[in-house]
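*Asks:* How does the following fold in three dimensions:
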Amino acid sequence: MKDKCAIILTGYVCPEFLDAIIKNLESIPDKIASIWENENTAYIERLKANGFLIVISKLQEQCESNIPQLVTIKNGITFAKDIGYGYVLRNRFDVISNDFNKYLKLTQSLFKEKIVLLSGIHTSELYFLDIIVSGPINEMAKFYSLQNKCDDRFIEKFLLENYLNKENLNKDDIRTSFYFSLNICIDNSIEFVWRRSEAWKNELRTIPNMKVINEYCKDTFIWT
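*Replies:* Predicted coordinates for the structure are as follows:
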């Protein structure tokens, strides 16, 4: 399996998207759900019945990191590595797409070299869009390390600075170390839909089911 890429969905199941997740990934055999022990058992059974390998994280593990969501990501990647996958694509349960097969095919030459992000984000800080992240298993395990409880950096800042072992990063630092796939998505009509609250609404975005490529990534803070 060293040449195979597993898709890992992490965190709590988004019930509004569960049917779509199962349908959209039915033709992909290599898929893992890394979830919390208190997840709805009916959701777990449905995922199992539809070909997902299940990784359970204990709630007490949330104490191991300042950002609990990193726990299910790290545990999912570790599981994929232990059973022999050479590459992983990490996604969230609140992001769906009809285009995962197309995305995997068009980006595999990139994620077999280094980590692939959708895009960068530049607001008051320089960071990245932390959904649809793929790469070699060892690099992904290094990237998604657990954050110390005393570390108060927000997740994207922590991940970048910790992985690159450098603070005050500039765009060239990030461009050198990662690939971006946004232009591949634009050029090949690939879309992802992200379940978002009303707090995310603006004139560009459809809420609650926001298009990532053709709405969110049209904003001025996106860069590649």
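
*Asks:* Could you work out the end-to-end span of stretch 209-224 for me?
*Replies:* Length of stretch 209-224, first residue to last, CA to CA, to the nearest Å: 24 Å.

*Asks:* Buried residues in that stretch, which are they?
*Replies:* 209-213, 215-217, 222-224 (16 or more other CB atoms under 10 Å). No exception for glycine: its C-beta is placed from N, CA and C like everyone else's.

*Asks:* Now distance to residue 100, secondary structure and pLDDT too, for those residues, in TSV please.
*Replies:* Converted to TSV, the buried residues of stretch 209-224 look like this (distance: CB to CB, whole Å; DSSP: H, G, I helix; E, B strand; the rest coil; pLDDT from 0 to 100):
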residue	distance to residue 100	secondary structure	pLDDT
209	17	strand	98
210	18	strand	98
211	16	strand	98
212	13	coil	98
213	14	coil	98
215	19	coil	98
216	18	helix	97
217	17	helix	97
222	21	strand	97
223	24	strand	97
224	21	coil	95
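
*Asks:* what would the residues you listed look like in CSV with distance to residue 197?
*Replies:* Converted to CSV, the buried residues of stretch 209-224 look like this (distance: CB to CB, whole Å):
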residue, distance to residue 197
209, 12
210, 10
211, 16
212, 15
213, 20
215, 15
216, 14
217, 19
222, 20
223, 25
224, 26
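
*Asks:* and which of those residues is nearest to residue 43?
*Replies:* Of all those, residue 209 has the smallest distance to residue 43: 19.3 Å, by CB to CB.

*Asks:* from memory that closest one sits against residue 195, does it?
*Replies:* Yes - taking CB atoms under 8 Å as the definition, residue 209 is a contact partner of residue 195 at 6.3 Å.

*Asks:* Out of the buried residues of stretch 209-224, flag the one nearest to residue 185.
*Replies:* Closest to residue 185 out of those is residue 213 (4.8 Å), distances taken as CB to CB.
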